[in-house]
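**Student:** Below are the sequence and a predicted model; questions follow.
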Amino acid sequence: MSNRTSINSMPVTLLVPAVLIGLIVSLPLVYLFVRSVGVSEDVWASIIRPRTLQTVWRTVQLVVTVTLTSVLLSLPIAWLTVRTDLPLRRFWVVATALPLVIPSYVGAFLFISVLSPKGLLQNILSGPFGLDRLPEIYGLFGATFTLAALSYPYVLLTVRGAMIGIDPAFEESARTLGSRRLAVMYRVTIPLLRPSILAGSLLVALYTVSDFGAVSLLDYETLTRSIYLRYTAIDRNGAALLSLFLAGFSFLILLAEAKFRGRKLYYRTGAGASRLSNIVKLGRWKWPALIFCFLVVFMALIMPLSVLVYWLVRGIFAGQTFAGLWGPVWNSIFVSFLAAILVAFCAIPVAALSTRYPGFLSRVIEKISFTGFALPGIVVALAIVFFGIGWAKPIYQTIWLLVFAYLILFLPAALGSTRTSFLQLNPKQEEASRGLGNNLFQTMIYVTIPQLKPGVIAGAVLVFIITLKELPATLLLAPLGFGTLATKIWSASEEAFFAQAALPAIIIVIISCVPMAFLIHKDIRTRN
Amino acid sequence: MNTKIIECNEVTKNFGDKSVIDNVSFNLNPGEILSILGPSGGGKTTLLRLIAGFEILDRGEIYINGNLMSSSNFGLPPEKRSVGMVFQDYMLFPHLNVEENILFGISHLDKNARSKRLNEILDLLHLTGLEHSSPHELSGGEQQRVALGRSLAPRPSILLMDEPFSNIDANMRAGMCNEVESVLRENNVTAVFVTHDRDEAFSIGNRIAVIEKGRIEQIDVPEVLYRSPTTRFVASITSNCGFIRGKISGEKVITEIGSFNWESEEDIMDGDEVDLVSHTADFVCNLDPEGINVVQSRDFKGDETIISVKLKSGTVLPCRVNNSAGFNPGSKITLTRFGNEPLFALKKSNFRQIK
């Protein structure tokens, strides 16, 4: 039967897997609720006290500073790479996006290793200048610097995309109505970019809330770190309750974004690419523009990478050995690959349901599948730990439970591009194929799958990259003796064994650069 | 007396080595509306963008109110030209409501002047009550009127309109077009209106410039363009016409379907080969089994029916019949000249010549 676009004929082969995935994904939240309901008075008392409030306040501060910094860095870079004749534009497009591959805990340990009281800069400066104190880098400043430098590309990528899509006639209208170029920028361009700025900021804010590695190393106690401390102190009920707090916090951020975005904004962006905007000639402003881009790329990419190499070389010369790395390398690649395949496949039925069969059920499943987007890794990991101990003993302490957590966390990442592919594939094409005499199976092989493939692969590649650097879930759920690159870096940098942390960090960066370059290249190709 | 609102002198624009606007000159008197008619890709929009100041010209000059706007080494920025522009897709700012859109260009005025002008515009374009609506809540026609109001609010010297009706449903277009025309006339707005639709061009413009491949083929009042096109291109774009081959013989022109009176704007001599412009009402069709002309196809339009008639030579003429009964493909017919007004003759070699 080919009555496929009708709502009533939602096929069972699609519905069953989608509902199953929805149930799996909603598990952590349900579990945390159930668990928190039963906790005793004194656990509540241990949570509700000024110290917790301070932690929440610190988290809020960090979210605000990181998000603002990211927006302030991204807007000029987006404008320079989209609308001006900045030299080497292609290079800057790729280079400014690449800091995404550096895990936050690597960023943090590099930051500490350079700027801390016994760090590299101190060593360099103390000799000739007799400087023996650098400004305090632990705390809010260090955490903001590190997280903003590594997460601003989320804003940059969404804003760049939106800027390319803005119909230049909007700005031209404003010009004929008497606005100068600069006035057009704040009266028209930035308001038009607002949804994309907010969408990117949302990603950065959630990234910051859920970050665990960098804030821990930089000694800035946020909610994630409190949860981890309670968990390691075997206060599991307290950890669960705090996790629920943190989840609520993320949902508040989601709500705030939805509220600010407003409902009245409808943007024509797609059709706008019909004519390219006039390119602004920078003239002598070229040099400050280049210096700005260089500084950003230097701080966020070049410096971290060179410091990594420095520590590695220094370690080698000091005769350190790097034995036992093959295991973690293999484990990391294996588990990331597994997660990429699994998550990409699970995204297909959910995306198909939500794009092809709109309705109450598919809307609910779609919303639930974005849980991982709002829930910090440490919360999901904790819920899965409890679930594993209580209900899934056979797979507790196996990599399957770990992959299970990755599925919950990264399903939204794969859903994005898969959904887009489904939306671009007009169901009429399938009908046309059936009309030309192909049966359902042939239609899938010749029409549907070839067009979905790029989106599904892009989703898998993205999941691979983020799984590779994921820390909190891996730390809590990896079976005993199953070391990955991320856990290796974590344990070495916690002890300040920078050289030992450098090699696995370099390996992570190298392994992720290839798929990352693939994604950026694909992005540029489809947009330009 | 001699103040021209706009004056274009030998304006030329190239994109790379491709000439987009080639030596275009025209001027407009206050209150005059010029329709620019031509096929897509002919350079119409580029000409508007040159006037608005979005493109830099390669040669020539553009003056507005006698002030130099553009020359080969000078270009006043768009915001200083006092031009209003209505875009194809209206380009209402989606983050602003109707009122804010209209006020966008007059934000420098004081509060009283602003609200006075706002009310005038709302009144003029029948938008009262929609002040606080968002653009996406409006119908296509309403968006169109807001866009027009927004451009008129700062009282521009000249209004440029780039195919403003192309996104309006075909059956609404004529009404919209008349409405806009009367608003412009009543307010004595000088305007340049770009379109590829001859009905729109005729109903809005005092004069029409037919433009193709970056050149103005002919610029004149609608009646002249229709009656006396200077080229076959102008004839085909301003009317649904056919061309009959003929040979000049004194007062008459001899063709395969008879000899007729003729007139021309060109130097035509006895014995010259010409093409006669034949409009749909120039011949009367009669069914006749003995006829040598054959109905090729028919296009029933309700009030009238246009049939394509194939002559013996293979030439096809569109002809109007009032009662379509019997005029089926394959029917044989005779053609008789309706009245004896002269037919307009074009020299056969003449494809491109500017008056």
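**Tutor:** Arrived safely. Numbers count the residues shown, from 1 in each chain, chains lettered A, B, ... in the order given.
**Student:** Residue B:243: how many residues sit nearby?
**Tutor:** Number of residues near residue B:243 (other C-beta atoms under 10 Å in any protein chain shown) recorded here: 18. C-beta here means a position set from N, CA and C on the backbone, and glycine is covered the same way.
**Student:** Tell me which helix or strand in the chain has the weakest average pLDDT.
**Tutor:** Reading this off chain A. helix A:120-129 (a mean of 66; mean pLDDT, DSSP states H and E).
**Student:** sorry, should have said chain B
**Tutor:** One helix or strand of chain B scores below all others by mean pLDDT, DSSP H and E: helix B:170-186, with a mean of 85.
**Student:** What is whichever helix or strand comes after it packed up against?
**Tutor:** On the C-terminal side of helix B:170-186, the closest following helix or strand by DSSP states H and E is strand B:191-195. In terms of contacts (3 or more C-beta pairs under 8 Å, 6 or more residues apart in numbering or on different chains; DSSP states H and E), strand B:191-195 is packed against strand B:33-37, helix B:44-52, strand B:158-162, helix B:198-204.
**Student:** Just name the most buried of those.
**Tutor:** strand B:33-37 (a mean of 26; mean count of other C-beta atoms under 10 Å in any protein chain shown).
**Student:** quick one: it to chain centroid distance?
**Tutor:** A distance of 5 Å separates the centroid of the chain from that of strand B:33-37, by C-alpha atoms, centre = their mean, to the nearest Å.
**Student:** Can you tell me the strand partners of it and which way each runs?
**Tutor:** Here strand B:33-37 is paired, per DSSP bridges, with strand B:191-195 (parallel), strand B:207-212 (parallel).
**Student:** Please indicate which of these has the most neighbours on average?
**Tutor:** Among the strands paired with strand B:33-37, the stretch with the highest mean neighbour count (mean count of other C-beta under 10 Å) is strand B:191-195, at a mean of 26.
**Student:** okay, the angle between that strand and strand B:158-162?
**Tutor:** Inter-element angle recorded for strand B:191-195 and strand B:158-162: 10 degrees (by axes from the mean of the first three to the mean of the last three C-alpha atoms, to 10 degrees).
**Student:** which residues sit against strand B:191-195?
**Tutor:** Residues outside strand B:191-195 that contact it (C-beta atoms under 8 Å, 6 or more residues apart in numbering or on different chains) are B:6, B:28, B:33-37, B:44-45, B:47-48, B:51, B:158-165, B:184, B:200-201, B:204-205.
**Student:** quick one: that strand to helix B:170-186, angle?
**Tutor:** 160 degrees.
**Student:** Restricting to C-alpha, output strand B:191-195 in PDB.
**Tutor:** Provided in PDB are the C-alpha atoms of strand B:191-195 (Å, rounded to 0.1, in the frame of the first residue of the first chain):
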ATOM      1  CA  ALA B 191       8.100  56.100 -10.700                       C
ATOM      2  CA  VAL B 192      10.000  53.500 -12.700                       C
ATOM      3  CA  PHE B 193       8.200  50.200 -12.800                       C
ATOM      4  CA  VAL B 194       9.800  47.000 -14.100                       C
ATOM      5  CA  THR B 195       7.800  44.100 -15.400                       C
END
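**Student:** tell me the angle it makes with helix B:44-52.
**Tutor:** Using the same axes, to 10 degrees, strand B:191-195 lies at 160 degrees relative to helix B:44-52.
**Student:** For strand B:191-195, give the mean pLDDT please.
**Tutor:** For strand B:191-195, mean pLDDT is 94.
**Student:** Sticking with residue B:318, tell me its helix or strand.
**Tutor:** Per DSSP H and E: strand B:316-321 holds residue B:318.
**Student:** sorry, back to before: tell me the buried residues in the least confident helix or strand of chain B?
**Tutor:** Residues of helix B:170-186 classed as buried: B:173, B:176, B:177, B:179, B:180, B:181, B:183, B:184 (neighbour count, 16 or more other C-beta atoms under 10 Å in any protein chain shown).
**Student:** What are the buried residues along whichever helix in chain A runs longest?
**Tutor:** Assignment by DSSP state H gives helix A:50-83 as the longest helix of chain A. Using 16+ other C-beta under 10 Å as the burial criterion, the residues of helix A:50-83 that qualify are A:52, A:55-56, A:58-60, A:62-63, A:65-67, A:69-71, A:73-75, A:77-83.
**Student:** Same list, these, but only the ones touching chain B.
**Tutor:** Subset of those in contact with chain B: empty, counting by C-beta under 8 Å from any C-beta of the partner chain.
**Student:** Give the closest residue to the residue of the stretch 1-150 of chain A found nearest chain B in space, chain neighbours not counted.
**Tutor:** When distances are taken as C-beta to the nearest C-beta, the stretch 1-150 of chain A reaches nearest to chain B at residue A:83, 14.7 Å away. Nearest residue to residue A:83 in three dimensions, chain neighbours excluded: residue A:280, at 5.4 Å (C-beta to C-beta, 6 or more residues apart in numbering or on different chains).
**Student:** No more questions from me, cheers.
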